[in-house]
Structure formats: C-alpha cells, structure tokens
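Asks: Can you look at this prediction? I've put the sequence above it.
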Amino acid sequence: MSGEALRAEGVRKVYDRRGAPTVVALDNVSLLARPGERVALLGRNGAGKTTFLKIASTLLKPSAGTIEVFGHDADADPSAVRPLIAVVPQEGKPFFHLTPREQIYTYLLARGFSRREAKERTGEALAQMALEEVADRLSITLSGGQRQRTMVATVIATEAPLLFLDEPTIGMDPFARRSVWDSLRRLTKKGSTILLTTHYLDEAEALSDRLYIVERGRVLVDGTAESLKREVGGSVRVSIAGGADLKAAFATFGDSFADGGGLHVITTPERIHEVLEVAVREHRTATIGPVTLEEAFLRVVGRSIDEES
Ligand SMILES: Nc1ncnc2c1ncn2[C@@H]1O[C@H](COP(=O)(O)OP(=O)(O)O)[C@@H](O)[C@H]1O
Ligand SMILES: [Mg+2]
C-alpha cells in the first residue's frame, strides 16, 4: 500500500461513443497528492480536469493507466475507495426539496455517522459556509451562490480523507470564497487531502501547496505557484506606461509582453533598478508589482498553444 493519498500513473481516457468523434480527454496523466496536501488542477475549458476527477472518484473508468487512493485501485476496487472520498461535482446542485440542513444531515447519516455526530457536524458546516440564515429554506429558493455553498458544506462536513472539488467556488462572492478557503485549510490541518480545480488563479495561489497545469489532456507543468512563476523568468513585473514600442530596449531583462499599449517586463527583484534606469532614460513611468499566477498561467499555456499550432 502506498503512502500517498492519491497516485495516478499514465492515465488515459478516450471518449469513444458510437457515431460521435473520438475524444482523447486524458493522455498519460501522472499526478500525486500526499496526505494533508491541497493540490490544484488548472487548465483551460476542455483540458480534461473534470474527466480526471471523475476517474479518480470512481465515477468513470480509465482507458489505460491506474489511480490509487490510499493504495486502493479506483477502477478495480471502487468500493474500498468510496468511503475514503467525498466529491463536489462540477455544476452539482442540492436537492431542491430539501433544506441545506436536511441535505447535509441526511448525507452524513447515509455515510454512516450517528445522529448525534451528524447533527453536530451539520451545524458546524452550516456555520462555516455562513448558511445559517437560509439553513431551513428549501434549496429551490436559494440563490446560485447559496446553492453552491450548500454543496461545499455537504462535502466538508464529511471530513473525508480525500476531497475532490470541481470548481467549488464558482459563482460565489469574495466573502464566500474565503470561507471555502478557510474551511479547506482547516480540513487539511486535520489531515484530509484536497484535489480541486479552479479558474480563479488567485484562489489556486492562496490555497494550493502544489498545482498541475493540464492542457489538451496532458500535464504541462507541475510545481508550486512560485516555481511556475520562475518558469516564466521572474517574480516581478515592471510595467512601462506606453512602452509597447520599446520591447527591444528591455530585451535583456527577461520575458516581456505588450498589453493595452503598455509593456510588461518579467524580471527578478535584483534587476528592478536596471529596468527602471532604462525606463527613466526613455522618459517613461514604470510601476512595479508581483507576477501573478494568472500571468504565469497565461504565458505557460499560451506558449504551449503556440507550439502546437
Ligand atoms: N461524456 C463525454 N463524451 C465525449 N466527450 C467528452 C465527454 N465528457 C467530456 N468530453 C470531452 O473531453 C474533453 C475534456 O473535458 P473535461 O474533462 O470536462 O474538461 P475540463 O473539466 O478541463 O473543462 C473535452 O474535449 C470534452 O468535450
Ligand atoms: Mg470541468
């Protein structure tokens, strides 16, 4: 039995429905999540993230490769895996005829918790997701963000050893997103492992210990947010106002790109003053900021798209 929470080796998934064109959704994906880690899966729409989560959570069979959850093969032994996991599916919705409180409580009972334990955990999860005010209303009457919070609350209440969350914060306001982050951090502190997908790169940066970027069914890069930024040449962005025509003048400092008339130079903290000297010489104003994970993501995935075409 492996000591990893999740170990995927060479996972391939081909959707091959009669009459429909064949889609290779995953191609040789290997991925690891250690106990207590929060791992983010990033990638464009259609990259294969949901397919991976479905296979890892025993809802779909791989065409090739293996996924082990705490040493149990998800394909060969799904009944050993299911008690160890909980899933927030992409675009999942709460039962409209149940209230959030009823849904969470019932789900916990179905997973084998005692009534007392289920009741206690339900109360905690409702509080953590700030759902108390709407806890006793039918879910059909809830807003989109409140429904999504109900889905997340249902799953975090399980405190399952491995949680899969597919775009868990979609449609949530900034306060609700932060409640989710806090809850997930609390869970991993208690020992759970988390694999999530998100299109909010600030979320991935705030939340994940490590991340994988998936593009066209393959892992493009894996590492930390910091290592990804290093991959694009530095952690600092110097933006030169109206500098789009000055790319050549800044060529020696690292990667640069024009955006909205300005020029953004990606560089290291040590070289900021040199970049500023050139900006002054060219009579331009410059502002300094950190390279965001979103910028790094756009550069890394953009490079891959260019290479393919
Ligand atoms: N049931 C299915 N049948 C055929 N193709 C599918 C099916 N589900 C997903 N796909 C295709 O597989 C690819 C990966 O989809 P998905 O895993 O949902 O990506 P992501 O979650 O990263 O947006 C896409 O090209 C998608 O159209
Ligand atoms: Mg998806």
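Replies: Noted; the coordinates are in hand. None of these values were measured; they are calculated from a predicted model. Ligands and ions are numbered 1, 2, ... in the order given.

Asks: Run through the bridge partners of Arg38.
Replies: Applying DSSP bridges to Arg38 gives these bridge partners: Ile194.

Asks: thinking it is in contact with Trp181, fair?
Replies: No. The criterion here is C-beta atoms under 8 Å, and Arg38 misses it with Trp181 at 9.5 Å. Backbone N, C-alpha and C define where each C-beta goes, glycine included.

Asks: Which residue ranges make up each domain of this protein?
Replies: 6-228, 233-290 (automatic domain parsing).

Asks: what's the average pLDDT for the shortest one?
Replies: Across domain 233-290, pLDDT averages out at 89.

Asks: Quick one: end-to-end distance for it.
Replies: Domain 233-290 has an end-to-end distance of 12 Å (criterion: C-alpha to C-alpha, to the nearest Å).

Asks: picking that back up, quick one, which of Arg38 and Trp181 is more surrounded?
Replies: It is Arg38, of Arg38 and Trp181, that has more neighbours when counted by other C-beta atoms under 10 Å, with 23 against 16.

Asks: Can you give me the distance of Thr99 to Thr150?
Replies: Relative to Thr150, Thr99 is positioned 9 Å away (C-beta to C-beta, to the nearest Å).

Asks: Flag every residue of this protein that's near ligand 2.
Replies: 49-50, 90 (C-beta under 5 Å from the ion).

Asks: For the stretch 201-309 of the chain, give the residue positioned nearest to ligand 2.
Replies: Nearest residue of the stretch 201-309 of the chain to ligand 2: Val214, at 10.3 Å (C-beta to the ion).

Asks: Helices along the stretch 1-150 of the chain, start to end?
Replies: Here the stretch 1-150 of the chain has its helices, by DSSP state H, counting those that start in this stretch, at 49-56, 78-81, 100-110, 115-128, 144-156.

Asks: got the CA positions of the third one in PDB?
Replies: Backbone C-alpha positions of helix 100-110 (Å, rounded to 0.1, in the frame of the first residue of the first chain) are rendered in PDB as follows:
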ATOM      1  CA  PRO A 100     -29.500  22.800   3.300                       C
ATOM      2  CA  ARG A 101     -29.700  21.500   6.900                       C
ATOM      3  CA  GLU A 102     -31.700  18.400   5.800                       C
ATOM      4  CA  GLN A 103     -29.400  17.700   2.900                       C
ATOM      5  CA  ILE A 104     -26.200  17.800   4.900                       C
ATOM      6  CA  TYR A 105     -27.700  15.800   7.800                       C
ATOM      7  CA  THR A 106     -29.100  13.200   5.500                       C
ATOM      8  CA  TYR A 107     -25.900  12.800   3.600                       C
ATOM      9  CA  LEU A 108     -23.900  12.300   6.800                       C
ATOM     10  CA  LEU A 109     -26.400   9.700   8.000                       C
ATOM     11  CA  ALA A 110     -26.100   7.900   4.700                       C
END
